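> Just need the structure, nothing else, for what follows:
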Amino acid sequence: MELNIDKLKENTIPYDELLDKHMLDMEFQKEYLNLSLEEYLSDGDFNKFFKSLEKVIKSRESISSFAKKVNIERANLYTLFNGEKIPRLDTIAKILKELGYSIRVA
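Model prediction:
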């Protein structure tokens, strides 16, 4: 049996489209961020974690309105999302708090 790539592409949903659909679910967002944080703790790639935060924020509202809520300049958020600057811990805490997450240290 020969695999028809074009037929397969017609019948599949692009990953980004599927992720955007699931991002509307708050429980999915929470699990998505939890997994992203676990990956960060294992590989140290902060940029991937912050891209995950950006994805969750954008699924809820605009970056501008979120920036106002957390009292962070919109441009500074984009600087963090683009990996141009590593945020301070209090900045991460403000963002996570506004998203409804709390960090517990065991």
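> can you list the weak-confidence ranges in the chain?
1, 8, 102-106 (pLDDT under 70).
> Show the residue spans covered by the helices in it.
5-10, 15-22, 26-43, 46-60, 63-70, 74-81, 89-98 (DSSP state H).
> Could you identify which of these is most buried?
helix 46-60 (a mean of 18; mean count of other Cβ atoms under 10 Å). To be clear about C-beta, it is placed using only N, CA and C from the backbone, and glycine gets the same treatment.
> angle of that helix against helix 63-70?
100 degrees (axes from the mean of the first three to the mean of the last three Cα atoms, to 10 degrees).
> Alpha carbons only: can I get helix 46-60 in CSV?
Output in CSV follows, covering the C-alpha atoms of helix 46-60 (Å, rounded to 0.1, in the frame of the first residue of the first chain):
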residue,chain,number,x,y,z
PHE,A,46,13.6,29.5,29.3
ASN,A,47,12.6,30.8,25.8
LYS,A,48,10.3,27.8,25.2
PHE,A,49,8.6,28.3,28.5
PHE,A,50,8.0,32.0,27.9
LYS,A,51,6.6,31.2,24.4
SER,A,52,4.2,28.9,26.2
LEU,A,53,3.2,31.8,28.5
GLU,A,54,2.7,34.0,25.4
LYS,A,55,0.5,31.4,23.8
VAL,A,56,-1.7,31.1,26.9
ILE,A,57,-2.0,34.9,27.3
LYS,A,58,-2.9,35.4,23.6
SER,A,59,-5.6,32.7,23.9
ARG,A,60,-7.3,34.8,26.6
